[in-house]
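K.L.:
Just the structure for this:
(one chain, ligands or ions: 2)
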Amino acid sequence: MPVESVNKRRAESCPESLRRESSDFRDHISTADKEGRRKWLYPHQPRGRFYRARTALTWLLLVFMFGGPFVKIHGNPLLMINIVERKFSVLGVIFWPQDNLVFALGFLLFLMGIAVFTAAFGRLWCGWTCPQTVMMEMVFRKIEYLIEGSATEQKALRRAPWSASKLAKKTTKHSIFFALSFIIGNTLLAYIIGIDALKTIITDNPSRHLSGLTFMALFAVVFYALFARFREQACTFICPYGRFQSTLLDENTIVVAYDYKRGEQRGRLRRDETREQRSSRAAGDCIDCFKCVTVCPTGIDIRNGTQMECVNCTACIDACDQVMTKIGRPRGLIRFASLNGIEKGEPVRVTPRIIAYCLILLALSAGLVTLLLTRSDVDVTLLRAPGALFQSTPEGRISNLYLLKMTNKSRREMPVELRLENIDGGLTVLGGELNLPAEKQSEASVLVEIAPEKLASGNTPVKVGVYSAGKRLQTIKTIFIGPRR
Ligand code: SF4
Ligand code: SF4
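P.N.:
Ligands and ions are numbered 1, 2, ... in the order given. Model prediction:
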């Protein structure tokens, strides 16, 4: 069930007061006023068990993110997406554009993985592991708290006239932000071109690496703009996953949710009011303190139901749990729960949809594993040299020139030999023997000579066998052009 339907169902089963508020929040997004002007958010720093768990996870992710480019397996990067050279490394295994089926299946697997995960756990990825949220909320935001103080102090600083102290704070913050953005940009560059190429750009004569240095500067500026200015809008405006998720959530998806049955009617705590007095006026557990709203990094009120802007960061859970503990009520007014869990008290269950997704996921994984296990060590293409026609040799034979492109996907050097398979003739690799270096691509020109009487008129299909250590690795089909008779 799409998120809109889930919300509609939640709103319909809610008391009238909540329904009124539910419709209001749809009129404008939380980070813009009614005229569409940006509303700068000052989320309070959360405190609690989920925030502590996120902090611990963040350290792990940061080590992984920034250490990744330095890790090599069999001399290859752990992860490298070199679009420029069209060379990719995953867990130290090099992939080439010829592995397009592996990429296609890998991509499908990735999408299906997201679908299964989102259908089961909502946007847990966004709040806990997405690099944008991790860097924004757990690194840049913490630096901001450290330099400019709490959310309230930040607001006051913004309103305050310019002074030496304000200038010092702002300069320090933005200098650190820019330095961090530069490091992030360089790390991304290392994932694209590899750490060795990045080191060369940094240490070599700058005039030889103008494009590399331009990208370095560009990435730094983009990340600075993202984390210093654009912030949560990357999640609410740009990220397609936020929109995509609305098609994946249903009433059994576990999301960060407000238990409106327990919370409504919300109402302020009255001085000296006992629990019994509060119950007698049908007041729920929500004391309308807005603590859950003030910590939200996307500025929404989770009490309005599941919203596209919610990144499942759990800050509101921590905030509300603290309030509940203070007023002597059980924690979990806001918690991880499904709509059915809140509405009907149903336990978490694996739905047929999730089972179907998992089966597809399994089938795709099996396909990918099979492809990886049966991936050939060498990939060879033989194309006629562009613009070249046939030639007659002094011995009266007909010759054709070909361009040979080879990719050695294995980790060892490979001597390769080519043989004509279906026709007698001569095959010469111009430039000597073929020795394919490990995990490299190479090219060579190949001259094929065939006696005219062996040829058909015009085009003759030719098969060329690719051998290494006497074992045929591949057979290539091509066309040999001869005179028309
Ligand atoms: S923090 Fe809890 S009690 Fe306070 S407004 Fe939010 S849901 Fe209600
Ligand atoms: S509503 Fe709660 S979980 Fe969702 S983004 Fe805001 S604070 Fe995070």
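
K.L.:
Just want the most central residue of the protein.
P.N.:
Cys130 (7.4 Å; Cα atoms, centre = their mean).

K.L.:
tally of neighbours for the closest residue to it other than its chain neighbours?
P.N.:
Of all residues not flanking Cys130 in the chain, Val311 sits nearest, at 7.5 Å (Cβ to Cβ, 6 or more residues apart in numbering). Quick note: C-beta positions are derived from backbone N, CA and C, even for glycine. When neighbours are defined as other Cβ atoms under 10 Å, Val311 has 30 of them.

K.L.:
Quick one: name the residues of the stretch 301-450 of the chain near ligand 2.
P.N.:
302, 310-316 (Cβ under 6 Å from any ligand atom).

K.L.:
buried residues in the top helix by length along the chain?
P.N.:
Identified as the longest helix of the chain according to DSSP state H is helix 164-193. For helix 164-193, burial by neighbour count (16 or more other Cβ atoms under 10 Å) applies to 169, 173, 177-178, 180-182, 184-193.

K.L.:
Name the residues of the helix or strand Gln441 falls within that are buried.
P.N.:
Using DSSP states H and E, the element containing Gln441 is strand 440-450. Of the residues in strand 440-450, 441, 444, 446-450 count as buried by neighbour count, 16+ other Cβ under 10 Å.

K.L.:
ditto for stretch 381-388
P.N.:
382, 384.

K.L.:
Give me the residues contacting that stretch.
P.N.:
Applying Cβ atoms under 8 Å, 6 or more residues apart in numbering, the contact partners of stretch 381-388 are 400-405, 445-446, 464, 476, 478-479, 481.

K.L.:
Let me see the mean pLDDT of it.
P.N.:
In this model, stretch 381-388 has a mean pLDDT of 86.

K.L.:
list the contacts for the residue of the stretch 351-485 of the chain found nearest ligand 1?
P.N.:
Closest approach between the stretch 351-485 of the chain and ligand 1, counting by Cβ to the nearest ligand atom: Thr351, at 27.7 Å. By Cβ under 8 Å, 6+ apart, the residues touching Thr351 are 119, 250, 252.

K.L.:
Next, find the distance separating the second one from Arg485.
P.N.:
Okay, so that is Asp250. 70 Å (Cβ to Cβ, to the nearest Å).

K.L.:
if you count what's nearby, which of those two comes out ahead?
P.N.:
Shown here are Asp250 and Arg485; by other Cβ under 10 Å, Asp250 has more neighbours (18 against 8).

K.L.:
Tell me both backbone torsions, phi and psi, for the more buried one.
P.N.:
Backbone geometry at Asp250, expressed as degrees, to the nearest 10, gives phi -140, psi -170.

K.L.:
how far away is it from ligand 2?
P.N.:
18 Å (Cβ to the nearest ligand atom, to the nearest Å).

K.L.:
mind listing what the residue lying closest to Gly431 once chain neighbours are set aside touches?
P.N.:
Distances taken as Cβ to Cβ, 6+ apart put Ala444 closest to Gly431, at 5.8 Å, once the chain neighbours are dropped. Applying Cβ under 8 Å, 6+ apart, we find Ala444 in contact with 404, 406, 429-431, 434.

K.L.:
which residues does Ala444 bridge with?
P.N.:
According to DSSP bridges, the partner residues bridging Ala444 are Leu404.

K.L.:
Check what pLDDT it gets.
P.N.:
pLDDT at Ala444 comes out at 91.

K.L.:
That one and Pro437, how far apart?
P.N.:
Ala444 is 13 Å from Pro437, by Cβ to Cβ.

K.L.:
and if you look at Leu61?
P.N.:
To Pro437, Leu61 is 36 Å away according to Cβ to Cβ.
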